[in-house]
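A.B. asks: structural data only, the sequence is not supplied:
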Ligand SMILES: Nc1nc2c(ncn2[C@@H]2O[C@H](COP(=O)(O)OP(=O)(O)O)[C@@H](O)[C@H]2O)c(=O)[nH]1
Ligand SMILES: [Mg+2]
């Protein structure tokens, strides 16, 4: 028996906005590897001889709740109908060890993935910025997404400061009122489809896992009860006019303390794990961006550099020397990540002849030079982690359509025209609307879900090409 016993382990940074399909992607990939069927999941003639998922916490992170998600998707173990996994609230780690066999040649592989709430990505900008730098960095982006609300926020914040000044009240005491003002601004950003840049992310994925409501109205109703940061150490970005105001120094310091606690507890552990990744797998949810209109597109675009910077910058702190060092290292193009996979998910919702468009759109979102990065190998692909549709023909017109089960039952999906490039002109939300289908996960727990192109990605990750 020929065996390559050195474990070939690969750390995969699975990133993407909230709802881009990370948890489903990971669950289906694990299912297809753990219960590998060489007929449906092509690994170039390799078979999975043995697969084991670590069940203990690693690197201080809890294990990915694979069995729970698997059972949800399969309508097994007490779930009345198949359902997509619930929104992710915590960070967890999946570590899969595989023994692969091809004609008595053996390979040992180890894949590690971090599953995180997509909302946390909006906090990545904190990783190498002081509170003030973060706040100043954020302001123009927020203003771009909702200019009127941004101006109102700045005016109201300044009015609070002036009133405290006139009443000779301690400006530090304005903290809760300012956080409340910021939350009102956040409600508008949410309505403006700028969810991707909403930060601190606990405003969308609270640490206690409570649900925040998906419609703008339901979300706005939950907001007042959510802490803006860690409970007891709340903070929010401040308009520049306050940051620059000499009377606001103590307030800025108090927010900086809350920010620092939040950053150390929530952001840095995740970012440090991601920095040591070998492969970055970025789920670019092209379908949702198209459906969300220009604003959703702009929000993702604003977020992308922060995501990709994680793989480039180093944690050198805010000191002058630290910044110089980071710059020097940038210039040397040193990076751990050797491969960036831009993956357009949910390809099953797109008619087969338009799936190439998804790939082109995923690639073109990152057309700008700075994001071409210093990663040697950048590829764009599309996949459906779970294939929920099948081709069908519309009776009346004879047109090719897709059939799937939706919340209202099985039927044809609405026709969808994916453009070959991002629309040159503004496009409103809903122009490229699509319906979310339900998972057709087999009920048998050891039968992996059907997929599309997920095996291509598995081959890349397992280095079987
Ligand atoms: N049709 C289809 N829908 C998917 C697929 N993957 C994810 N989805 C949809 O995207 C939603 C969000 O997926 P999830 O993995 O929870 O996203 P996350 O927030 O990035 O972890 C799911 O509830 C599904 O509606 C897929 O492969 N095919
Ligand atoms: Mg998730």
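C.D. replies: It's in. Everything numeric here is computed off the predicted structure, so don't read it as measured data. Residues are numbered from 1 along each chain as shown. Ligands and ions are numbered 1, 2, ... in the order given.
A.B. asks: which strands or helices does the longest helix along the chain pack on?
C.D. replies: Scanning the chain for the longest helix, with DSSP state H as the assignment, gives helix 286-309. If you count contacts as 3 or more CB pairs under 8 Å, 6 or more residues apart in numbering; DSSP states H and E, helix 286-309 packs onto helix 131-145, strand 279-283, strand 339-344, helix 355-364. Bear in mind the C-beta positions are built from the backbone N, C-alpha and C, glycine included.
A.B. asks: how about the residues of this protein that lie near ligand 1?
C.D. replies: 16, 18-24, 84-85, 88, 118, 345-346, 348-349, 384-386, 388, 436-437 (CB under 6 Å from any ligand atom).
A.B. asks: my read: residue 288 touches residue 344, true?
C.D. replies: No - contact criterion CB atoms under 8 Å: residue 288 and residue 344 do not qualify, at 10.4 Å.
A.B. asks: the more surrounded of these two?
C.D. replies: Set residue 288 next to residue 344 and count neighbours by other CB atoms under 10 Å: residue 344 wins out with 30 against 23.
A.B. asks: domain assignment for the protein?
C.D. replies: Following automatic domain parsing, one finds the domains of the chain at 2-119+278-461, 121-275.
A.B. asks: do stretch 48-64 and ligand 2 meet at all?
C.D. replies: No - Stretch 48-64 lies out of reach of ligand 2 by CB under 5 Å from the ion, never closer than 10.2 Å.
A.B. asks: gap between whichever residue of the stretch 251-400 of the chain sits closest to ligand 2 and residue 41?
C.D. replies: Proximity of the stretch 251-400 of the chain to ligand 2 (CB to the ion) peaks at residue 283, 10.1 Å away. Here residue 283 is placed at a distance of 19 Å from residue 41 (CB to CB, to the nearest Å).
A.B. asks: for these two, indicate the residue with more neighbours.
C.D. replies: Counted by other CB under 10 Å, residue 283 and residue 41 do not tie: residue 283 has more neighbours, with 25 against 20.
A.B. asks: give the contact list for the more buried one.
C.D. replies: Shown in contact with residue 283 (CB atoms under 8 Å, 6 or more residues apart in numbering): 14-17, 20-22, 25, 343-345.
A.B. asks: now, those that are in helices?
C.D. replies: 22, 25.
A.B. asks: filter the contacts of residue 283 down to the buried ones.
C.D. replies: Neighbour-count burial (16 or more other CB atoms under 10 Å) is assigned, among these, to 14-17, 20-22, 25, 343-345.
A.B. asks: mean pLDDT added to the helices and strands packed on helix 286-309, as CSV?
C.D. replies: Listed next are these as CSV, based on pLDDT from 0 to 100:
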stretch, mean pLDDT
helix 131-145, 94
strand 279-283, 93
strand 339-344, 92
helix 355-364, 94
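A.B. asks: kindly reformat these as a markdown table containing distance to residue 293.
C.D. replies: A markdown table is the format used below for the helices and strands packed on helix 286-309 (distance: least, CB to CB, whole Å):
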| stretch | distance to residue 293 |
| --- | --- |
| helix 131-145 | 12 |
| strand 279-283 | 20 |
| strand 339-344 | 18 |
| helix 355-364 | 14 |
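A.B. asks: ok, which of the ones you listed comes nearest residue 310?
C.D. replies: strand 279-283 (8.3 Å; CB to CB).
A.B. asks: just checking: what are the partner strands of that closest one?
C.D. replies: strand 2-16 (parallel), strand 339-344 (parallel) (DSSP bridges).
A.B. asks: comparing these, which comes out most buried?
C.D. replies: Scoring these by mean neighbour count under mean count of other CB atoms under 10 Å gives strand 339-344 as the most buried, with a mean of 24.
A.B. asks: coming back round to it: can you tell me how far the closest residue to the residue of the stretch 251-400 of the chain closest to ligand 2 other than its chain neighbours is from ligand 2?
C.D. replies: The shortest distance from residue 283 to any non-neighbouring residue, by CB to CB, 6 or more residues apart in numbering, is to residue 16 (3.2 Å). From residue 16 over to ligand 2 the distance is 9 Å, taken as CB to the ion, to the nearest Å.
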